[in-house]
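1. A structural model of the following input is requested.
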Amino acid sequence: MYQDVADNPEGEFHLFRGRQAAELFEYPAEWLDKAPEGAVSSFAGAGNPHLRSNVQAGDTVLDLGSGAGLDSIISSWRVGETGKVIGVDLNPLMCLKAQVHAAATGTEMECHEGRMEDIPLPDESVGTLRGPRGAVRFGNGGMSWYPRQCVEGRCGADQPLVPSRGQVYDHVAFTVENLDAWFARLTAEEVTILEEPHTFGGTRAFMIEDLDGLAVELVEAAAATMAGDAP
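-> Next comes the predicted model:
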């Protein structure tokens, strides 16, 4: 299916794709204008990993499910000539397409055929990879969430995820009614607020950190208009 999206991005598919999907996930217009049209039109991602990452010059980025290469290209711009971007995709033709798109922007990326469950790279070649506590599949993507890791023998919610700037903060999301009531209650209970209430598509959401250090997003149900929905 993903090969079909890459070859015929204007076709009928069950998933969000192309520039419309990238804009939905808040990719800046200047990135989409700068990237090759083929990488943008074939985009079939399930989110925007760049929103909470802090990739810097010289970093090594591993892009799992790299597809037509849009995220790898953006990462290449951020890591610069001293950094490295490595893609992994099930489809070897997609790897070739991603590398062509990257070359068109004057950047380079490695790309390997493989699966996320069995990454085709030597151990420790890109640092520490974490295994998820759980995962949910939806549409064309999967959402995993992770516990805080132990760092030098210290564990707990007050410890960093890993000793790295570039960790994306994966999370799980739930729909709720009366978002304001939930926010007021959790704030009163001094729950750590990671993101204040904000517009999210046609609804609103905010994000908290639970006692295990997991990020949890609460998204207001579209039909939540009744009074008395407070938790």
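
2. distance-wise, check Ile193 relative to Phe206.
-> Ile193 sits 7 Å away from Phe206, going by C-beta to C-beta, to the nearest Å. All C-beta spots, glycine's among them, are computed from the backbone N, C-alpha and C.

3. ignore what I typed, I meant His50.
-> According to C-beta to C-beta, His50 and Phe206 sit 20 Å apart.

4. have a look at those two and say which one is more surrounded.
-> The residue with more neighbours, out of His50 and Phe206, is Phe206; 23 against 18, by other C-beta atoms under 10 Å.

5. which residue packs closest to Trp31, ignoring adjacent ones?
-> The shortest distance from Trp31 to any non-neighbouring residue, by C-beta to C-beta, 6 or more residues apart in numbering, is to Ile74 (5.8 Å).

6. ok so that neighbour is a strand residue?
-> No. According to DSSP: H, G, I helix; E, B strand; the rest coil, the state of Ile74 is helix, so it is not within a strand.

7. neighbours of it, just the number please.
-> Ile74, neighbours per other C-beta under 10 Å, totals 25.

8. repeat that for Phe174.
-> Every residue meeting other C-beta under 10 Å relative to Phe174 is counted, giving 10.

9. in a strand, it, correct?
-> Yes. Phe174: assigned to a strand according to three-state DSSP.

10. is it true that it touches Glu217?
-> Yes. Under the criterion of C-beta atoms under 8 Å, Phe174 lies in contact with Glu217, with a separation of 7.4 Å.

11. and this structure, what are its domains?
-> The chain resolves into domains spanning 2-113, 134-220 when parsed by automatic domain parsing.

12. immediately after the biggest strand by length in the chain, which helix or strand?
-> Within the chain, and with DSSP state E defining each element, the longest strand by residue count is strand 192-200. Along the chain past strand 192-200, the next helix or strand (assigned with DSSP states H and E) turns out to be strand 203-209.

13. which strands or helices does whichever helix or strand comes after that next one pack on?
-> Using DSSP H and E, the helix or strand that directly follows strand 203-209 along the chain is strand 215-220. Other helices and strands packing on strand 215-220, by 3 or more C-beta pairs under 8 Å, 6 or more residues apart in numbering; DSSP states H and E, are strand 171-176, helix 179-188, strand 192-200, strand 203-209.

14. what about strand 215-220, average pLDDT?
-> Confidence over strand 215-220, taken as the mean pLDDT, stands at 84.
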